[in-house]
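Engineer: How does the following fold in three dimensions:
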Amino acid sequence: MLKKTLSALALAALAVSAHAADVLKVAATAVPHAEILNFVKPQLKAQGVDLQVKEFSDYVQPNMAVEDKQLDANFFQHQPYLDSFNKDRKTSLVQVPGGKVHVEPFGAYSSKLKNLKDLKDGATVAIPNDPSNGGRALILLAKQGLIELKDPKSLTPTPLDVVKNPKKLKFKELEAPLLPRALADVDLALINTNYAIEAKLNPTKDALFIEGADSPYTNIVAARADRANDASIAKLIKALHSAEVKKFIQEKYKGAVVPAF
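Structural biologist: A predicted model of the protein is given here:
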């Protein structure tokens, strides 16, 4: 009897251990990343993966939490941002295999202008202060003919790389989450779509101009190199690439978020 009891306890312990091994903790910004992750939770639960979504409001903590092994992966950034972050912070996070999920077309917004032609000389333009998204903003401005950049092929230009600025635009670099709140204080702000949506801005209707679907800034799932090939992460990617997720993205975000699979 004792032997049977011990065997039962051992099996129970193994079951608990197996369950714990399938917990997958993923960092994300609230919109749309956490919403998409929460959508696939039931699908992953059916496959034995307990997906736990940890929401963050900035772009630094989600990477550091994964680098420091507090969390297993994250879903909030594009590859140029990750490359820049790794270089600046001496981290070594990687895109997981097949990790591309969606594009959030980057847009320009204003509470003072109804049309880009009304942008006056000397106007103040707010852009993100991190290298990849700040560069992305300048590239979008260049595509509108508002400025000219020293190297049109660079993905990380800075205001110092502006070689022609006929309207004498003044650039104000701010933390990306603060850009929607700065609209009242600037003439134009270039805002990441996740923060635009959180601020109740509709990128397809409210943006004065916006990136096309061919944007190279595809949002990815990232992890440490030693975890990138985990079976639970592979299951997450498969779920994120499902027809159900594609339909969810298309119907919920109506062009403000575009599937990249």
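Engineer: got any ranges where the stretch 1-150 of the chain has weak pLDDT?
Structural biologist: Where the stretch 1-150 of the chain drops to pLDDT under 70, the residues are 1-21.
Engineer: Tell me where it has strands.
Structural biologist: 23-29, 50-56, 73-78, 93-103, 107-109, 124-128, 148-149 (DSSP state E, counting those that start in this stretch).
Engineer: what is the orientation angle of the fourth one with strand 73-78?
Structural biologist: Note on geometry: by axes from the mean of the first three to the mean of the last three CA atoms, to 10 degrees, strand 93-103 and strand 73-78 are set 60 degrees apart in direction.
Engineer: which one of the strands of the stretch 1-150 of the chain is the most hemmed in?
Structural biologist: Most buried of these by mean neighbour count (mean count of other CB atoms under 10 Å) is strand 73-78; its value is a mean of 26. The C-beta positions use only the backbone N, C-alpha and C, and glycine is treated the same way.
Engineer: what's in contact with that strand?
Structural biologist: Outside of strand 73-78, the residues within contact range by CB atoms under 8 Å, 6 or more residues apart in numbering are 24-29, 33, 36-37, 56, 59, 62-63, 65-66, 85, 96, 101, 132, 194, 216-223, 227, 233, 236.
Engineer: These in helices, which ones?
Structural biologist: Residues of the contacts of strand 73-78 located in helices (DSSP state H): 36, 37, 62, 63, 65, 66, 85, 132, 194, 233, 236.
Engineer: The first one against residue 245, yeah?
Structural biologist: Yes - checked against CB atoms under 8 Å, the pair residue 36 and residue 245 is within contact range at 6.5 Å.
Engineer: These two: which is more packed in?
Structural biologist: Comparing residue 36 with residue 245 by other CB atoms under 10 Å, the one with more neighbours is residue 36, at 23 against 20.
Engineer: Tell me, how many residues neighbour residue 210?
Structural biologist: Count around residue 210 with other CB under 10 Å applied: 20.
Engineer: Kindly report the same for the one 4 residues further on.
Structural biologist: Here the count is done by other CB under 10 Å, and residue 214 has 8 residues near it.
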